[in-house]
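# next comes the sequence, and after it the predicted model I'd like to discuss.
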Amino acid sequence: MDMKLEVVVLPVSDVDRARDFYQKLGWRLDADFPVTEGYRVVQVTPPGSPTSVIFGTGVSTAAPGSTQGLYLVVTDVEAARAELVARGAEVSEVFHDATGVFNQAGEDGRVPGPDPERRSYSSFASFQDPDGNGWVLQEITERLPGR
């Protein structure tokens, strides 16, 4: 049976601020349902993504800003970074990991600049939403076999 990731829920402290932030990044506003007092659901979708993001009031018990390691796959990390910066996001400089394997949690192992060989899966940039939920841009130009 196929299982597809459809939605990621983000904990935020200010729903309108989060909605405005993601819309400013160019993400599509799919829904904004003020259901009842204390229960509001907002859904946004990154350009080209089959997976959406939901946040709101009463949709998560997690602490605002506690979600980390959300990956947005792009074909050109430098161009994606420039677009987000132009839209007002504070995005790290492009980096690669010292191990060459994967981006380590936090900022450990970050080496400035894209992967020297520009290997797929190996160049990154990161940013946070206003609450501190953490996103990583990952450059993938050629998928591994089976993907």
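Happy to help now that I have it. Here the structure is a predicted model, which means the values were calculated and not measured.
# who touches stretch 7-19?
Residues outside stretch 7-19 that contact it (Cβ atoms under 8 Å, 6 or more residues apart in numbering) are 29, 32, 40, 42-44, 51-57, 59-67, 70, 129-131, 133. C-betas here are computed from N, CA, C, even on glycine.
# quickly find the element holding the nearest residue to residue 4 once chain neighbours are set aside.
Among residues not flanking residue 4 along the chain, residue 50 sits closest, at 7.0 Å (Cβ to Cβ, 6 or more residues apart in numbering). Counting by DSSP states H and E, there is no helix or strand that carries residue 50.
# neighbours of residue 50, how many?
9 (other Cβ atoms under 10 Å).
# give me the contacts around stretch 131-147.
Taking Cβ under 8 Å, 6+ apart as the rule, stretch 131-147 contacts 10-14, 18, 64-77, 80-81, 84, 91, 103, 114, 118, 120-129.
# how far away is the nearest residue to residue 22 once chain neighbours are set aside from residue 56?
Spatially, and ignoring its direct neighbours in sequence, residue 22 is nearest to residue 44 (4.5 Å; Cβ to Cβ, 6+ apart). With distances taken as Cβ to Cβ, to the nearest Å, residue 44 is found 11 Å from residue 56.
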